[in-house]
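[1] Sequence and predicted model, in that order:
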Amino acid sequence: MSNHRITTFSDLLFPNGTLMQKGYSTKAVMHYNRGHIKAAPWRIKEWDFYQVSSDDFCLQLTIGHASYAGQVTAMLIDLKNKQTYTVTDMLILPFNQLGMPESAEHGDLAVHRKNIDMKFEVYKGGRRLRCKTHDPKAPHNMEIDIELVQSDLESLVIATPFNENPKYFYYNHKINCMPASGTVKMGDRVITFDPDTAFGLLDWGRGVWPFNHEWFWGNGSTLIDGKRFGFNIGFGFGNTEAATENMLFYDGNSHKLNHVYVDFAANGYMSPKTFSSDDGRFEMDFEPVFDRYTETKMLFVDNSCHQIFGRFTGKAVLNDGTVIEVKDMMAFMEHAVNHW
């Protein structure tokens, strides 16, 4: 299989709603032109998802919609004590009211709701994530202020078609290895993220796809010998003949991988797993620590996801053959089954 790298600037979609180019790139060379989508408004899905992780805590901030349902969510996961704190505001029939930006690289996003205010600011070389929750029913309202440094020029962008319909697509931009600093205040408790040990991830997704679908997705960032290292792996979603979403990041550069395999559900989600790749460049043992299980049932939505946090140990091989030894790297792998 060849991973087709997109290098030509273009719109994402032809006027008939089909993808102009299929494959991956290391920066956003295609423009997401929402107006060319040929699907009912309630079939369009758009989200900005940030995750800020250290060994002990994981913060997740989400603004997104499937048009007939949406959400603004702040979640703090205490990995050591295996506890999750969540404040969410579900949106009924938001359609395009959220004003989602057409690029992951520019365009601020702010949502003010009854229970939650959230703002993502994007500027040259970084991002700022702010959130204040005021849910009268929540025993753990949060005040969040995080700064991410985006010093690396390369990231993962992928345009994926679906066999079910030529006008279905997934356009995804993932940015790893962003050193994170800031705080989450929850009552008298203050959780501090330090840029030497905490990293931000952006998962920016736009698309139209089948009502019934699933995916497997794994991601992590850390420092190894003083250099930023990260990975993104995934499969099961869309037609990946043009390109997989498997990629390594090291010291600011990306390194494309082919297929990565794991039998993730075997012996239960919390059993140890082994990851391997057909090119021998991602060979990892995974020791699960915590299963963040979520499910959403509302209107036509019926989604469930096991996001398994744990430690990766093994090796990753860069394009030039350099072997990166990975030991006890906290990262995650998830399995989502969705009907929306």
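    That came through, no problem. Just so we're clear, the structure is a prediction, and the values are computed from it rather than from any experiment.

[2] Just the buried residues of the strand ranked longest in the chain, please?
    Longest strand in the chain, counting residues (DSSP state E): strand 165-186. Residues of strand 165-186 classed as buried: 167-182, 184, 186 (neighbour count, 16 or more other C-beta atoms under 10 Å). All C-beta spots, glycine's among them, are computed from the backbone N, C-alpha and C.

[3] Without its sequence neighbours, what residue ends up closest to the residue nearest the centre of the chain?
    Closest to where the C-alpha atoms of the chain average out (C-alpha atoms, centre = their mean) is Asp203, at 3.1 Å. Nearest residue to Asp203 in three dimensions, chain neighbours excluded: Phe49, at 4.3 Å (C-beta to C-beta, 6 or more residues apart in numbering).

[4] End to end on stretch 10-23, go ahead and measure it.
    End-to-end distance of stretch 10-23: 13 Å, with C-alpha to C-alpha, to the nearest Å as the criterion.

[5] For it, report the contacting residues that lie outside it.
    Applying C-beta atoms under 8 Å, 6 or more residues apart in numbering, the external contacts of stretch 10-23 come out as 3-6, 8, 29-33, 36-39, 158-161, 166-167, 169, 171, 242-243.

[6] Strands of the stretch 1-150 of the chain, start to end?
    For the stretch 1-150 of the chain, the strands defined by DSSP state E, counting those that start in this stretch cover 10-11, 23-25, 30-31, 45-53, 57-65, 69-78, 83-92, 109-112, 116-123, 126-133, 142-149.

[7] Other residues contacting the last one?
    Contact with strand 142-149 is made by 50, 52, 59, 61, 74, 76, 85, 87, 125-133, 178-186, 193, 195, 200, as judged by C-beta under 8 Å, 6+ apart.

[8] Show me what the helix or strand following that strand is packed up against.
    Next helix or strand after strand 142-149 toward the C-terminus (DSSP states H and E): strand 156-162. Under the contact criterion of 3 or more C-beta pairs under 8 Å, 6 or more residues apart in numbering; DSSP states H and E, strand 156-162 touches strand 23-25, strand 165-186.

[9] Can you add distance to Leu109 and mean pLDDT and give these back as a markdown table?
    Listed next are these as a markdown table, based on distance: least, C-beta to C-beta, whole Å; pLDDT from 0 to 100:
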| stretch | distance to Leu109 | mean pLDDT |
| --- | --- | --- |
| strand 23-25 | 22 | 98 |
| strand 165-186 | 14 | 98 |
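
[10] I'd like these as a markdown table, with distance to Phe290 appended.
    Formatted as a markdown table, these follow (distance: least, C-beta to C-beta, whole Å):
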| stretch | distance to Phe290 |
| --- | --- |
| strand 23-25 | 30 |
| strand 165-186 | 17 |
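
[11] Tell me which of these sits nearest to Leu257.
    Evaluated over the helices and strands packed on strand 156-162, closeness to Leu257 peaks at strand 23-25, with 10.8 Å, by C-beta to C-beta.

[12] Could you export whatever helix or strand Gly200 lives in as CSV, CA atoms only?
    Assigned by DSSP H and E, Gly200 belongs to strand 199-208. This file holds the C-alpha atoms of strand 199-208, laid out as CSV (Å, rounded to 0.1, in the frame of the first residue of the first chain):
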residue,chain,number,x,y,z
PHE,A,199,1.1,18.0,26.3
GLY,A,200,-1.9,19.1,24.4
LEU,A,201,-3.6,17.4,21.5
LEU,A,202,-6.0,18.9,19.0
ASP,A,203,-8.5,16.6,17.2
TRP,A,204,-10.3,18.7,14.6
GLY,A,205,-12.8,16.9,12.6
ARG,A,206,-15.3,17.8,9.9
GLY,A,207,-17.4,15.5,7.7
VAL,A,208,-20.4,13.5,6.6
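
[13] So what angle separates the directions of that strand and strand 165-186?
    150 degrees (axes from the mean of the first three to the mean of the last three C-alpha atoms, to 10 degrees).

[14] Give me the sheet partners of strand 199-208 and which way each runs.
    strand 45-53 (antiparallel), strand 165-186 (antiparallel) (DSSP bridges).

[15] Compare the ones you listed and give me the one nearest Val111.
    Per C-beta to C-beta, nearest to Val111 of the strands paired with strand 199-208: strand 45-53, 10.1 Å.

[16] Please name the bridge partners of Asn219.
    Note on Asn219: beta-bridge partners by DSSP bridges are Asn232, Phe332.

[17] Show the contacting residues for it.
    51, 174, 176, 201, 203, 230-233, 331-332.

[18] Apply 10 Å and report the result again.
    By C-beta atoms under 10 Å, 6 or more residues apart in numbering, Asn219 lies in contact with 51, 53, 156, 174, 176, 201, 203, 230-234, 245, 331-334.

[19] quick one: it from Gln51, how far?
    8 Å (C-beta to C-beta, to the nearest Å).

[20] Could you pull out the residues contacting both of the two?
    201, 203, 332.

[21] Quick check: nearest residue in space to the first one, chain neighbours excluded?
    Taking C-beta to C-beta, 6+ apart as the measure, Leu201 lies nearest to Gln51, with 4.5 Å between them; neighbours along the chain are not counted.
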